[in-house]
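[1] Okay, sequence plus prediction incoming.
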Amino acid sequence: MPPTQASCAFLNVGVAVTFILFLASTIYLELTSASTGNVVAVISSIDGESVRGSSETVSEKSSSSSSSSDSSSSSIGSETTTDDTVIVPEHLKQIWNNEYPVAEAIPPGYAFAKVDYVPLDKLRMCEASKGGPKQHSIKCEEDPTCMKCIKEKAIMRARKVKEALQDAQKKKKREKLYRSWAKEGSSVVLIAADNKFIDFVLNFNCLVKAKGFGVSDSIIVLATDPEAASRAEAHGMNVLTFEMFGVSLPLASGFTDTMVAVTAAVADLVSFGYSVCLQDADVVWLQNPLWMLNSTHFSQIDIQFQMAPRWDAQGVANTGFVLLRPTPKTRIFTRTLVEISELYYFKGDDQIVWNSLLRHWHFAQLHWQILPRASAGADGKLTRGRFFDLHTTNGKDGTAKWIDEGTLVLHTVSSTAEAKRTQMEKIGVWFLAQDGRSCTMP
């Protein structure tokens with residue numbers, strides 16, 4: 001056969017094969033287009049409805065939507081199909097039929113799928129911190145796990161907190177209290193205070209009542225001394241005590257013991273399915289920020305922090321205001337913080353420990369976000385406060401000029417309790433009466 005004829009014959013065969021492949025792919029797409037569209041629709045509806053606090057599983061969502069439909073179709077996870085459904089692979093069923101909504105499930109193969117926490121010796125925090133900011137970092141030259149640099153007393157105090165958190169009797173008692181205060185899946189506000197700062201907690205309670213935020217019954221006070229507990233209870237507030245979390249008197253350090261106990265309380269509440277707003281006693285709300293915990297827009301985020309605008313190991317997350325959703329990753333993260341609480345005593349600062357763990361590669365898949373400190377006005381300058389520190393500089397208002405109708409949360413930063421109160425009074429967010437027992441309503 002001449003070369004030209006051979007080339008033409010080969011070309012004709014190639015065209016025929018291409019045409020057959022085209023027909024086959026078209027038929028395949030026709031057969032699967034409906035089921036592909038169904039999967040996309042299911043995933044979209046799950047993403048749109050996976051609001052924290054819902055105990056509804058994906059299979060329940062699927063079956064409820066199918067029951068309201070005119071056409072019958074099997075629920076997700078069923079091997080039987082109709083023309084409108086698709087056979088779901090076994091590994092996807094393990095995710096979709098999980099007790100958590102899809103947006104919060106830990107996929108197979110995820111590093112933490114079978115652990116409750118990551119222990120300190122595995123984290124090697126004093127080695128890991130070398131790769132981060134140097135100033136205020138966690139250092140122990142002779143031991144990458146840090147343990148050789150931590151005093152025995154600190155190790156013993158941390159151990160008591162860990163034991164109390166897992167003690168079955170204490171856990172049952174705390175759970176009973178939580179359930180009497182707020183239903184499972186709801187949001188709570190957790191604030192720790194001693195008698196020196198309890199007025200700020202009482203003022204916050206007065207403020208949310210005055211503004212009609214409807215969260216007064218959801219505030220939980222971790223009282224660090226009997227006087228603070230008594231005053232909070234007199235105001236009808238929900239009270240936890242140090243003893244419930246294994247912290248005993250006398251305190252090693254009022255601040256450090258408080259941070260260890262409040263971290264344990266956060267881990268406990270999250271483990272029982274509560275969304276938690278953790279805040280310092282000197283935080284006030286101009287608007288209710290709790291909608292962010294139930295917003296579908298933020299449904300993929302595990303933890304949100306107020307900004308700490310600094311370059312050292314204490315930034316960029318500010319633990320003075322934190323929103324935590326009870327996802328599996330959040331549960332492991334907060335429980336790990338309790339398991340490494342020796343570092344709180346070692347550094348004398350909770351924020352360094354939180355930020356160091358956030359930067360650790362073990363928690364690189366934790367979805368966390370910094371809340372906006374300010375936004376720009378028409379002139380492009382940062383003049384509109386959102387979630388920010390209210391500073392006092394030489395008796396002046398400082399960042400008070402940022403406050404506008406869009407401001408949600410203020411964290412009053414001043415050297416003394418008296419200065420904090422004065423600053424709050426200046427901007428009209430002090431609602432506790434002079435007697436300290438009642439509220440002044442506008």
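    Nice, I can see it.

[2] ranges for the strands of the stretch 151-300 of the chain?
    For the stretch 151-300 of the chain, strands defined by DSSP state E, counting those that start in this stretch occupy the ranges 187-193, 219-223, 238-241, 275-279, 283-285.

[3] packing partners for the second one?
    Here strand 219-223 is seen to pack against strand 187-193, helix 198-210, helix 226-234, strand 238-241, helix 254-271 when contacts are counted using 3 or more Cβ pairs under 8 Å, 6 or more residues apart in numbering; DSSP states H and E. For glycine as for every other residue, the C-beta is placed from the backbone atoms N, C-alpha and C.

[4] close enough to count as contact, I219 and C206?
    No - in this structure, I219 is not within contact of C206 by Cβ atoms under 8 Å, at 11.2 Å.

[5] hmm, back to that, looking at the strands of the stretch 151-300 of the chain, which has the lowest confidence?
    Note on the strands of the stretch 151-300 of the chain: lowest mean pLDDT is at strand 283-285, with a mean of 92.

[6] Can you list the strands that it pairs with?
    The strands beside strand 283-285 in its sheet (DSSP bridges) come out as strand 409-413 (antiparallel).

[7] pLDDT below threshold where in the protein?
    For the chain, the stretches with pLDDT under 70 are 1-114, 250-253, 374-402, 414-415, 442.

[8] so V322 makes contact with A308?
    No - taking contacts as Cβ under 8 Å, V322 lies outside contact range of A308: 11.3 Å.

[9] Surely C146 is in contact with K130?
    No - the criterion here is Cβ under 8 Å, and C146 misses it with K130 at 11.9 Å.

[10] Neighbour count: the two, which is higher?
    Neighbours were tallied for C146 and for K130 using other Cβ atoms under 10 Å; the higher tally belongs to C146 (25 against 13).

[11] Nearest residue to that one in space, please, no chain neighbours.
    Of all residues not flanking C146 in the chain, C126 sits nearest, at 4.2 Å (Cβ to Cβ, 6 or more residues apart in numbering).

[12] Need the overlap of contacts for C146 and K130.
    Contact criterion Cβ atoms under 8 Å, 6 or more residues apart in numbering; residues shared by C146 and K130: none found.

[13] Would you enumerate the residues in contact with F245?
    F245 makes contact with V161, A164, L165, V260, A261, A264, A265, D268, according to Cβ under 8 Å, 6+ apart.

[14] who wins for neighbours among the residues you listed?
    Highest neighbour count within the contacts of F245, by other Cβ under 10 Å: V260, with 31 neighbours.

[15] Name the helix or strand for G320, please.
    Taking DSSP states H and E as the definition, G320 sits inside strand 317-324.

[16] what's the first-to-last distance across stretch 207-224?
    For stretch 207-224, the first-to-last residue distance is 22 Å (Cα to Cα, to the nearest Å).

[17] Then stretch 212-227?
    Stretch 212-227 has an end-to-end distance of 28 Å (Cα to Cα).

[18] Now stretch 191-202: buried residues?
    I191, A192, A193, D194, F197, I198, D199, F200, V201, L202 (16 or more other Cβ atoms under 10 Å).

[19] ok, now stretch 304-315?
    So stretch 304-315, judged by 16+ other Cβ under 10 Å, has buried residues Q304, F305, Q306, M307, A308, A313, Q314, G315.

[20] measure that stretch end to end?
    14 Å.

[21] so how many other residues sit close to the residue nearest to L120 when sequence neighbours are not counted?
    Spatial nearest neighbour of L120, chain neighbours left out: I340 (4.7 Å); criterion: Cβ to Cβ, 6+ apart. By other Cβ under 10 Å, 25 other residues sit near I340.

[22] which ones are touching I340?
    Counting by Cβ under 8 Å, 6+ apart, I340 makes contact with P119, L120, L123, M125, V353, L357.

[23] I'd like those residues as JSON lines, with neighbour count appended.
    Formatted as JSON lines, those follow (neighbours: other Cβ atoms under 10 Å):
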{"residue": "P119", "neighbour count": "11"}
{"residue": "L120", "neighbour count": "20"}
{"residue": "L123", "neighbour count": "24"}
{"residue": "M125", "neighbour count": "25"}
{"residue": "V353", "neighbour count": "25"}
{"residue": "L357", "neighbour count": "23"}
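
[24] rewinding a little: where's the residue nearest to C146, which helix or strand?
    helix 125-128.

[25] my guess is T407 contacts L286, does it?
    Yes - using Cβ under 8 Å, T407 is in contact with L286, at 4.9 Å.

[26] Now do stretch 180-195: distance from first to last residue.
    Note: stretch 180-195 ends 25 Å apart using Cα to Cα.

[27] now the helices for the stretch 301-442 of the chain?
    In the stretch 301-442 of the chain, the helices defined using DSSP state H, counting those that start in this stretch lie at 328-339, 342-347, 350-359, 417-426.

[28] Contacts for the shortest one, please.
    Helix 342-347 is contacted by residues 120, 125, 136, 138, 146-147, 149-151, 153-155, 157-158, 252-253, 256, 259-260, 263, 350, 352-353, 356 when judged by Cβ under 8 Å, 6+ apart.

[29] Same check on the longest one?
    Here helix 328-339 makes contact (Cβ under 8 Å, 6+ apart) with 100, 104-106, 112, 115-120, 123, 161-162, 165, 260, 263-264, 266-267, 270-271, 302-303, 324, 353-354, 357, 363, 365-367.

[30] Using CSV, list the CA coordinates for that helix.
    Taking Å, rounded to 0.1, in the frame of the first residue of the first chain, the C-alpha atoms of helix 328-339 are listed here in CSV:
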residue,chain,number,x,y,z
PRO,A,328,-13.8,17.5,67.4
LYS,A,329,-10.7,19.6,66.7
THR,A,330,-11.6,22.2,69.3
ARG,A,331,-12.2,19.5,71.9
ILE,A,332,-8.7,18.0,71.2
PHE,A,333,-7.1,21.4,71.3
THR,A,334,-8.6,22.6,74.6
ARG,A,335,-8.0,19.2,76.2
THR,A,336,-4.4,19.4,75.1
LEU,A,337,-4.1,22.8,76.7
VAL,A,338,-5.2,21.2,80.0
GLU,A,339,-2.7,18.4,79.5
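
[31] what's the distance between the closest residue to A128 other than its chain neighbours and D217?
    Using Cβ to Cβ, 6+ apart and skipping residues adjacent in sequence, the residue nearest A128 is H360, 5.4 Å away. Using Cβ to Cβ, to the nearest Å, one gets 37 Å for the distance from H360 to D217.

[32] the more surrounded of the two?
    The neighbour comparison of H360 against D217 (other Cβ under 10 Å) goes to H360, with 20 against 11.

[33] quick one: the more buried one and K122 touch, right?
    No - H360 is not in contact with K122 according to Cβ under 8 Å; the separation is 10.4 Å.

[34] distance of L177 from A281?
    Applying Cβ to Cβ, the value for L177 to A281 is 21 Å.

[35] who has more neighbours, those two?
    Comparing L177 with A281 by other Cβ under 10 Å, the one with more neighbours is A281, at 23 against 14.
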